[in-house]
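Q: return atomic coordinates for the entry below.
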Amino acid sequence: MSATRRLPLLLIPAGLFVLAIYAWPTLLLLRNAFNEVGPTGALVEAWSLKTAADTFADGFTFELTWNSLWLSLVATAIALALAYPLSLFLFRTTSRWRSILAVIAILPMLISGVVRVFGWLAILGDRGLVNGLLQWLGLISAPLKLVFNWTGVTIGLAESIMPYMILALLAGFGQLDRTLEEASRSLGASPFRTFLRVTLPLSLPAIVLAAGLGFVLSMSAYITPKLLGGGRVFVLATEIFEQATTNTNWPAAAVLALYTLVLLLVLLAFSNLLARRLRR
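A: Numbers count the residues shown, from 1 in each chain. I've put the predicted structure just below:
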């Protein structure tokens, strides 16, 4: 057998791993979505669409969808606004500290999500750093409500997805060509105009890729909405957990999980398609 024909054999270990870890559990989830829950709360094995019909007939499902989409959109926009200039700086700088700065930028990825959330509780709480500083400066008389609401969850989500977006932006900045920027400056364009007409358009594929990644990570996040939301923020991920554990309604949880998975796949496909068109 030639080397060219043996090359696809290298895909077998990865293929088996994906099949065992992702494909098989997803198929089991799909099978569970057809089951029902009896009057006593016991699981009834069946091949029925009743659970799916009841789930999508409930207006709360679409409220959860809207909450998840809006929260992910706002968190992604905030993270992108912070990650883009930082990534552009790391990409352009020639400082000897560049590697260390890059490590610091993605360091939150190495810290447990639970630890980061409790850190935000200490910073944003009623007696936290932000409220304490504002009261000490005399800007507020009573603590601001920054946790256990949408504000705290949005801040926590933006911080959690920001390192991933930095990596995606750095990977996509390979499209930037310094000679085009130098040509723009030599023709009399100001730095700001050069950024708007040259740098920003060339980095649009990286922006779309990073935004798509951040949006998907926000949509699937559970720890941050659950802990920073304090039971007052309801999204698809928290509802899936509640149905599976508190209500022990595994068929409903499976339906919502598959629904969320389809949403994420559609969003990823749209993001990749848009990034490819922008590259062209």
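
Q: could you use CA atoms for every contact and neighbour count after this?
A: Noted.

Q: for this structure, name the helix or strand with the lowest mean pLDDT.
A: In the chain, no helix or strand scores lower on mean pLDDT, DSSP states H and E than helix 3-6, which sits at a mean of 67.

Q: next secondary structure after it?
A: Downstream of helix 3-6, the next assigned helix or strand under DSSP states H and E is helix 11-18.

Q: list the contacts of that following helix.
A: The contact list for helix 11-18, computed with Cα atoms under 8 Å, 6 or more residues apart in numbering, is empty.

Q: and stretch 64-82, by the same measure?
A: Outside stretch 64-82, the residues touching it (Cα under 8 Å, 6+ apart) are 154-155, 157-159, 161-162, 165, 207, 210-211, 214-216, 218-219, 234-236.

Q: what about those residues, which are in helices?
A: 154-155, 157-159, 161-162, 165, 207, 210-211, 214-216, 218-219, 236 (DSSP state H).

Q: contacting residues for residue 45?
A: 34, 35, 36.

Q: show me which of these are buried.
A: Buried residues within the contacts of residue 45, counting neighbours by 16 or more other Cα atoms under 10 Å: 34, 35, 36.

Q: burial measure for residue 80, as a count.
A: Using other Cα atoms under 10 Å, residue 80 has 24 other residues around it.

Q: what's the spacing between the helix or strand containing it and its chain's center?
A: In the assignment (DSSP H and E), residue 80 maps to helix 59-92. Averaging C-alpha positions (Cα atoms, centre = their mean, to the nearest Å) puts helix 59-92 7 Å from its chain's average.

Q: tell me the mean pLDDT over it?
A: Mean pLDDT, computed over helix 59-92, is 95.

Q: helices and strands around the host helix or strand of residue 185, which ones?
A: Under DSSP H and E, the secondary-structure element containing residue 185 is helix 178-186. Under the contact criterion of 3 or more Cα pairs under 8 Å, 6 or more residues apart in numbering; DSSP states H and E, helix 178-186 touches helix 191-194.

Q: could you dump the helix it packs on to PDB, C-alpha only?
A: In PDB, the C-alpha atoms belonging to helix 191-194 read as follows (Å, rounded to 0.1, in the frame of the first residue of the first chain):
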ATOM      1  CA  PRO A 191      -3.800  56.900  10.900                       C
ATOM      2  CA  PHE A 192      -7.500  56.800  11.700                       C
ATOM      3  CA  ARG A 193      -8.500  56.800   8.100                       C
ATOM      4  CA  THR A 194      -6.000  54.100   7.300                       C
END
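
Q: which parts of stretch 196-213 are buried?
A: Result for stretch 196-213 [16+ other Cα under 10 Å]: buried residues 198-199, 202-213.

Q: and which of those residues is nearest to residue 115?
A: Distance to residue 115, by Cα to Cα, is smallest for residue 213 among the buried residues of stretch 196-213, at 22.3 Å.

Q: and the closest one, how far is that from residue 219?
A: 10 Å (Cα to Cα, to the nearest Å).
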